[in-house]
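1. got a sequence here, can you model it:
(2 chains)
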Amino acid sequence: DTGVSQDPRHKITKRGQNVTFRCDPISEHNRLYWYRQTLGQGPEFLTYFQNEAQLEKSRLLSDRFSAERPKGSFSTLEIQRTEQGDSAMYLCASSPFGNTIYFGEGSWLTVV
Amino acid sequence: KQEVTQIPAALSVPEGENLVLNCSFTDSAIYNLQWFRQDPGKGLTSLLLIQSSQREQTSGRLNASLDKSSGRSTLYIAASQPGDSATYLCAFGNTGKLIFGQGTTLQVKP
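-> Numbers count the residues shown, from 1 in each chain, chains lettered A, B, ... in the order given. Just a heads-up that it's a prediction; the model follows:
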């Protein structure tokens, strides 16, 4: 399957711990996006990369959040010192320039 | 602040009905508008993309229209089937930086 792949699919962590999510985009897609979705809401944009450059970050992305795409391929989203309010599904997506965006299945985070 | 509103929030119809989902946005200077489908606990699947210069797109039983002057988009589903049951989200923006509505949850009863 050559879709957007996210890992892990589910993560339960204690408050205060750090977590990292990985996203493997569709190969040759130069744009990669992270979104966050809570229950009953639409996804909210967090950040996006064009190749390895992080071009935009939402104000939702506090200092505890950091995203990287070191070689312009896979990306990681790290959340430090997790809080209960971080519980959500974190969605990764990719697109070739100017075309339809393709989402992964998401990574569910539960902070207890 | 750019906002996207979807009405209704939930909809239940018998199989075979034609239906319309509505999406309104506050920023008339939109770029593209997309409709997505989301099954429970899953990611999003793009259904239709309407470029800013276009007025509608069709795919199978789905037709989406865009009226920038009124700030509205509609998704028309013809001859609904139980497999169409899902949450439908509209979103606008440029390429991948999208602003989403809250979605319309559709249930099609056999």
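2. just name the shakiest helix or strand of the chain by mean pLDDT.
-> The chain I'm using is chain A. Lowest by mean pLDDT, DSSP states H and E among the helices and strands of chain A is strand A:53-57, with a mean of 90.
3. actually it's chain B I care about, not the one you picked
-> strand B:97-100 (a mean of 89).
4. leaving out sequence neighbours, find the closest residue to the residue of chain A at minimum distance from chain B.
-> Per C-beta to the nearest C-beta, residue A:42 is where chain A lies closest to chain B, at 3.0 Å. To be clear about C-beta, it is placed using only N, CA and C from the backbone, and glycine gets the same treatment. Leaving aside its sequence neighbours, residue A:42 sits nearest to residue B:100 (C-beta to C-beta, 6 or more residues apart in numbering or on different chains; 3.0 Å).
5. tell me the phi and psi of residue B:82?
-> Backbone torsions for residue B:82, taken as degrees, to the nearest 10, come to phi -50, psi -30.
6. how about the contacts made by it?
-> B:15, B:108-110 (C-beta atoms under 8 Å, 6 or more residues apart in numbering or on different chains).
7. close to chain B: what parts of chain A are there?
-> Within chain A, the residues that sit near chain B (C-beta under 8 Å from any C-beta of the partner chain) are A:4, A:31, A:33, A:40-45, A:48, A:56, A:91, A:93-95, A:97-106, A:108.
8. for chain A, give me its nearest residue in chain B.
-> residue B:100 (3.0 Å).
9. where does the prediction get shaky in chain B?
-> B:1, B:28-30, B:95-96 (pLDDT under 70).
10. flag every residue of it that's near chain A.
-> Counting by C-beta under 8 Å from any C-beta, the residues of chain B close to chain A are B:4, B:34, B:36, B:41-46, B:49, B:89, B:91, B:93, B:95-103.
11. mind running it again at 7 Å?
-> B:42-44, B:46, B:49, B:89, B:95-98, B:100-103 (C-beta under 7 Å from any C-beta of the partner chain).
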